[in-house]
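Participant: attaching a predicted model along with its sequence, questions to come.
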Amino acid sequence: MKALIHHNPACGTSRKTLEILRESGADVTVNHYLDNPPDRSELKRLYQRAGMTPRDSLRAKEPLAQQLGLTAAGVDDDAILDAMMAHPILINRPIVVTPLGVRLCRPSEAVLDILPDPQRGAFAKEDGERVVDEHGHRASGSAP
């Protein structure tokens, strides 16, 4: 299975999502989106396929989002997309594309919903929380 991840290696959630993809046996293309952001039309398509709006995927806790006034009510999607194009740090990550769909993988285990092949074994987050059990199934307590 082929997969694409819009990835930031400095982000723990992004690193874990990439690890889950690789553990599932996926042929992963890694796009370091801060250096090579998707263009505006591709970003819009990704959000539409994921069932999200640009506001849903804005890194609202990023100080720049607040400085630019993007978190205020009434800011439209076009303004948010414009800001994302000018400042890719505002794009929430990781965004993963597989043949089964597109997800903003926050938390990292959200990627499990779009993997056709199960994990090959147990998997835990950086904090030790089990996400996948030793049989490759979602661990009880992790979100579906």
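Facilitator: All right, it came through fine. Numbering: from 1, shown residues only.
Participant: switch to C-alpha atoms for all contacts and neighbour counts from now on
Facilitator: OK.
Participant: give me the number of residues near Ala50?
Facilitator: Other residues near Ala50 come to 16 when the count uses other C-alpha atoms under 10 Å.
Participant: oh sorry, the question was meant for Leu115
Facilitator: 22.
Participant: list the contacts for it?
Facilitator: Counting by C-alpha atoms under 8 Å, 6 or more residues apart in numbering, Leu115 makes contact with 21, 24, 98, 100.
Participant: which one among these gets closest to His135?
Facilitator: Within the contacts of Leu115, the smallest distance to His135 is 12.3 Å, found for Ser24 (C-alpha to C-alpha).
Participant: give me the neighbour count for the closest one.
Facilitator: Residues lying near Ser24 (other C-alpha under 10 Å) number 19.
Participant: that one and Asp117 touch, don't they?
Facilitator: Yes: counting by C-alpha atoms under 8 Å, Ser24 touches Asp117, with 6.1 Å between them.
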